[in-house]
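>>> structure, please.
(chains A and B)
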Amino acid sequence: MNPTRTLATTGRVLTQIRHDPRTVVLLLVVPSLLIGLVAWIFTDTPVFQTIGPAILALFPFIVMFLVTSITTLRERRTGTLERLLSMPLGRGDFILGYTLAFGLLAIVQALLASAYALWVCGLDVKGDPWLLVAVAVADAVLGSTLGLFASAFARTEFQVVQFMPLLVFPQILLGGIFLPRDQLPAGLKEISDWLPLSHAVDALNAVATDSHDAAYIGGQLLIIGAFALAAVILGALTLQRRTA
Amino acid sequence: MMNSPDAAEPAVVIEALRVRRGRTDVLHGLDLRIPRGQVVGLLGPSGCGKTTLMRAIVGVQKVKSGTVAVLGQPAGSAALRHRIGYVTQAASVYDDLTIRQNLDYFRRVLGAGRVDVERAIEATDLSDHARRLVSSLSGGQRSRVSLAAALLGSPDLLVLDEPTVGLDPLLRVELWDLFHRLADAGTSLLISSHVMDEASRCDRLILMREGAVLADATPDELLAETGAADAEGAFLALLRRRHARHALPGDDGAAADVEEEAR
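As a prediction, the model looks like this:
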């Protein structure tokens, strides 16, 4: 790998996105809109205070998964990936370049969504709000790395969109939003321990209720980071220079 | 140039190359040598294996057996990635970047200098559009951007898959002039086309059909050998000869004979 080529790739991806203002607006505004909707649905009930933090993890994760998987799939389909792989670009440069670009977008997105949830929707956070942002960012980065990975197994945009329910929905269902994880039936609880989104939701709840110290949240962040790293490595392995 | 001993050595040496895509054999035991510093045309109907052969040379094609050596090294080796420019049939550039932004990115990946971008833009006659988004360009302009990207970093071997399709005649002539200038400067070029009238512009021709090489000769040799007036006629003559022989029962070596004759 080579930092110049990685950063050149990041810059290129960001320039591409800059030329598409509609995507930028959707990327930055949609999570806040949805969080606002959830808050509105549960006005006059304590539900938003309970699931609000988890929702904050969810939307950046889903949006980033979709955007990344489709952009990289497009790159595979238009032949630009083949061109790049016939050039001296490392597979790691490619994946890391994308991860950095979408990671930067994820930071802005998570900042906006967190600010909106805290100040506009009145989400009550007892812990350090910056930890909330940190978890949301880690989650968005995880979404984009999983999206990169998923795009390797899809040939068309239709297929890649189907990976969303396959890879993302089980994590949402088992992550503790619908039912706290310790109340899940035996078996499912153990499975949910192995899903990265569960750890993100745990961390966000811990920040919101200030029930754990920063070390616990750091530990959860590390777990999310490990999943993201694994997805990056697997994603790089699926980028074959030679194809059939 | 620097390493004169291998100057005489071919740019590409292919031995017994077999490629299977899905359940069909695309190339079955192909042998080929592509000389250095020449414009070599790869002609044949669509589906005959031209693109697969080019992909094998660039090193992005999975091959079943056989060897492909490019500039003295196995195809696909890391050291070759700086030395080969490859243009795929569909323009492989980013729609949502301007021409200059596209070239600037590929230049950085190659580690080439900034001047290369201007040189490539000029060579492909895109100076007037350099700030336009690729998505707003015509098909011909897009393929020129793709070609410009392949010229970056002055590669030793250019593999161009139908680079002149859909271009206006004047520009086509200019591009062929550019190809010959590059060849004169020592670059080896392999250019595929299904337009037979481009054959006369090549230093050497490889005619392909159904995954095999029908002929590998200079245009003049080919015409003299077949007695045809143009490349199209020569191609037809070779095909007729081959099929007539095939029709004879028990004559299994016929195809190989024709290939020998055509050389």
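>>> so the residue lying farthest from the centre of chain A versus chain B, what's the distance?
Centroid-distance maximum for chain A: A:Ala244 at 31.4 Å, with Cα atoms, centre = their mean. Separation of A:Ala244 from chain B (Cβ to the nearest Cβ, to the nearest Å): 5 Å. Using the backbone N, CA and C atoms, a C-beta is placed for each residue, glycine as well.
>>> does that residue really touch B:Arg21, like I thought?
Yes: A:Ala244 lies in contact with B:Arg21 (Cβ atoms under 8 Å); the separation is 5.9 Å.
>>> before we move on, back to that, would you mind measuring from the nearest residue to the residue farthest from the centre of chain A once chain neighbours are set aside to B:Leu17?
Excluding its sequence neighbours, the residue lying closest to A:Ala244 (Cβ to Cβ, 6 or more residues apart in numbering or on different chains) is B:Lys62, at 4.9 Å. Applying Cβ to Cβ, to the nearest Å, the value for B:Lys62 to B:Leu17 is 12 Å.
>>> now for B:Val195, how many residues are close by?
By the criterion of other Cβ atoms under 10 Å in any protein chain shown, B:Val195 has 14 neighbours.
>>> mind listing what the residue farthest from the centre of chain A touches?
B:Arg21, B:Gly22, B:Gln61, B:Lys62 (Cβ atoms under 8 Å, 6 or more residues apart in numbering or on different chains).
>>> what are the ranges of the helices in chain B?
For chain B, applying DSSP state H gives helices covering B:50-58, B:99-110, B:115-123, B:139-151, B:169-184, B:219-226, B:231-247, B:254-262.
>>> so which of those comes closest to chain A?
helix B:99-110 (3.7 Å; Cβ to the nearest Cβ).
>>> any bit of that closest one sitting next to chain A?
Yes: for helix B:99-110, a contact with chain A is found by Cβ under 8 Å from any Cβ of the partner chain, at B:Gln101, B:Tyr105, B:Phe106, B:Arg108, B:Val109, B:Leu110.
>>> in which helix or strand would I find the nearest residue to the second one once chain neighbours are set aside?
Nearest in space to B:Tyr105, with sequence neighbours left out and distances taken as Cβ to Cβ, 6+ apart, is A:Arg12 at 4.3 Å. Assessed by DSSP states H and E, A:Arg12 sits inside helix A:3-18.
>>> dump the residues of helix B:99-110 next to chain A to TSV, plus pLDDT and neighbour count.
TSV is the format used below for those (pLDDT from 0 to 100; neighbours: other Cβ atoms under 10 Å in any protein chain shown):
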residue	pLDDT	neighbour count
B:Gln101	97	22
B:Tyr105	97	25
B:Phe106	96	28
B:Arg108	95	19
B:Val109	95	26
B:Leu110	93	21
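>>> near chain B, which residues of chain A are found?
So chain A meets chain B at A:4-5, A:8-9, A:11-12, A:15-16, A:19-20, A:78-80, A:82-89, A:241-244 (Cβ under 8 Å from any Cβ).
>>> if we can go back for a sec, please indicate which of the contacts of A:Ala244 are buried?
Neighbour-count burial (16 or more other Cβ atoms under 10 Å in any protein chain shown) applied to the contacts of A:Ala244 gives B:Gln61.
>>> redo the contacts of A:Ala244 as JSON lines? Include pLDDT.
Below are those laid out as JSON lines (pLDDT from 0 to 100):
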{"residue": "B:Arg21", "pLDDT": "87"}
{"residue": "B:Gly22", "pLDDT": "83"}
{"residue": "B:Gln61", "pLDDT": "91"}
{"residue": "B:Lys62", "pLDDT": "91"}
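>>> which single one of the contacts of A:Ala244 is nearest to chain A?
B:Lys62 (4.7 Å).
>>> show me what contacts the closest one?
A:Arg242, A:Thr243, A:Ala244, B:Val19.
>>> so which residues on chain B come close to chain A?
Applying Cβ under 8 Å from any Cβ, we find that chain B lies next to chain A at B:21-22, B:58-62, B:76, B:78, B:81-82, B:84, B:86, B:88, B:90-97, B:101, B:105-106, B:108-111, B:133, B:149.
>>> narrow the residues you listed to those in strands?
Judged by DSSP state E, the residues of chain B next to chain A include B:Arg21, B:Ile84, B:Tyr86 as members of strands.
>>> residues contacting residue 16?
Using chain A. Per Cβ under 8 Å, 6+ apart, neighbours of A:Gln16: B:Tyr94, B:Asp96, B:Leu97.
>>> not what I meant, chain B
Neighbour list for B:Ala16: B:Gly29, B:Leu30, B:Asp31, B:Ser65, B:Gly66, B:Thr67 [criterion: Cβ under 8 Å, 6+ apart].
>>> who wins for neighbours among those?
Most surrounded of the contacts of B:Ala16: other Cβ under 10 Å gives B:Leu30, at 22 neighbours.
>>> quick check: closest non-adjacent residue to residue 238.
I went with chain A, as the question did not name one. Leaving out its chain neighbours, the residue that sits closest to A:Thr238 by Cβ to Cβ, 6+ apart is A:Ala152, at 3.5 Å.
>>> my question was about chain B
B:Leu214 (5.1 Å).
>>> any idea how many residues pack against that neighbour?
B:Leu214: 22 neighbours (other Cβ under 10 Å).
>>> repeat for A:Gln109
A:Gln109 has 24 nearby residues by other Cβ under 10 Å.
>>> what strand or helix carries it?
Assigned by DSSP H and E, A:Gln109 falls in helix A:91-115.
>>> what comes up buried for the helix or strand just after that helix?
Counting by DSSP H and E, the element after helix A:91-115 in chain order, helix or strand, is helix A:129-151. Residues of helix A:129-151 classed as buried: A:129, A:131-151 (neighbour count, 16+ other Cβ under 10 Å).
>>> can you check stretch A:231-239 too?
Quick answer for stretch A:231-239 (16+ other Cβ under 10 Å): A:Ala231, A:Val232, A:Gly235, A:Ala236, A:Leu239.
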